[in-house]
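Engineer: Give me a 3D structure for the following:
(2 chains)
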Amino acid sequence: KNEVEQSPQNLTAQEGEFITINCSYSVGISALHWLQQHPGGGIVSLFMLSSGKKKHGRLIATINIQEKHSSLHITASHPRDSAVYICAVNNNNDMRFGAGTRLTVKP
Amino acid sequence: DSGVTQTPKHLITATGQRVTLRCSPRSGDLSVYWYQQSLDQGLQFLIQYYNGEERAKGNILERFSAQQFPDLHSELNLSSLELGDSALYFCASSVNWETQYFGPGTRLLVL
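Structural biologist: Here you go, the predicted structure:
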């Protein structure tokens, strides 16, 4: 079993829909990251969380340390949100990655 | 533009060869991280340097090595290359395990 599990693997949505991507982890962590990888390959760090909730524009990330679970929400999704979203955790100066969620938003 | 630069963008080489990938971090960032992304393994953390010293080690093979120079740029050396080393290699920089800024990656193809 992977230490970082993401669901769903693939997600297709219509423009304007509310999107949720989930991440569960099985190790102790100091922080959790959400990354976005564009079709061209470039990676952008969206959030780094150690507790609670963070919001940036239409993106919201939450983490529940007790349940070892984090969610990434996208409100009013847009085709430009189409990308792979990757959850990663910091664990003892190591970084473990989920397999990613491929999001496609159709106009 | 993240402010992190990587060269070269693409690299094609043969099995058994040695290559060097270069990364320049964002101005002011002391930490540099190297990651490998392959189709079958996904993203994997290789190694972190902080202000010239190795700080953390992940799944880095013994055939791979890295260093960070006094001007804070870093190099990842891959030797005795195998077909399975074909991957995207990303460098990222940060203050120290804070939000990381990723470079555009180097796509390595070993034939």
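Engineer: got the residues of chain A near chain B?
Structural biologist: A:30-31, A:33, A:35, A:41-45, A:48, A:86, A:88, A:90, A:93-100 (CB under 8 Å from any CB of the partner chain). The way it works is simple: take the backbone N, C-alpha and C, and place the C-beta from them, glycine included.
Engineer: host element of the residue nearest the centre of chain B?
Structural biologist: Centroid check for chain B by CA atoms, centre = their mean gives residue B:34 as the closest residue, at 3.5 Å. Using DSSP states H and E, residue B:34 falls within strand B:31-38.
Engineer: average pLDDT for stretch B:11-28?
Structural biologist: Average pLDDT, stretch B:11-28: 97.
Engineer: okay, how far is it across that stretch, tip to tip?
Structural biologist: 28 Å (CA to CA, to the nearest Å).
Engineer: for stretch A:84-104, same thing?
Structural biologist: Termini of stretch A:84-104 sit 9 Å apart (CA to CA).
Engineer: hang on, the earlier thing: could you flag which of the residues of chain A next to chain B are buried?
Structural biologist: Buried residues within those, counting neighbours by 16 or more other CB atoms under 10 Å in any protein chain shown: A:31, A:33, A:35, A:42-43, A:45, A:48, A:86, A:88, A:90, A:95-100.
Engineer: which stretches of chain B have low pLDDT?
Structural biologist: Residues of chain B meeting the criterion pLDDT under 70: B:96-97.
Engineer: Could I get the contacting residues of residue 51?
Structural biologist: As the question left the chain open, I've gone with chain A. A:63, A:65 (CB atoms under 8 Å, 6 or more residues apart in numbering or on different chains).
Engineer: actually chain B
Structural biologist: B:30-31, B:68, B:72.
Engineer: Now neighbour count and distance to chain A too, for those residues, in CSV please.
Structural biologist: Compiled in CSV, these are given as follows (neighbours: other CB atoms under 10 Å in any protein chain shown; distance: CB to the nearest CB, whole Å):
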residue, neighbour count, distance to chain A
B:30, 17, 15
B:31, 22, 11
B:68, 23, 16
B:72, 21, 19
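Engineer: For the residues you listed, could you give me JSON lines that also reports distance to residue B:110?
Structural biologist: Rendered in JSON lines, the data for these read as follows (distance: CB to CB, whole Å):
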{"residue": "B:30", "distance to residue B:110": "32"}
{"residue": "B:31", "distance to residue B:110": "28"}
{"residue": "B:68", "distance to residue B:110": "25"}
{"residue": "B:72", "distance to residue B:110": "28"}
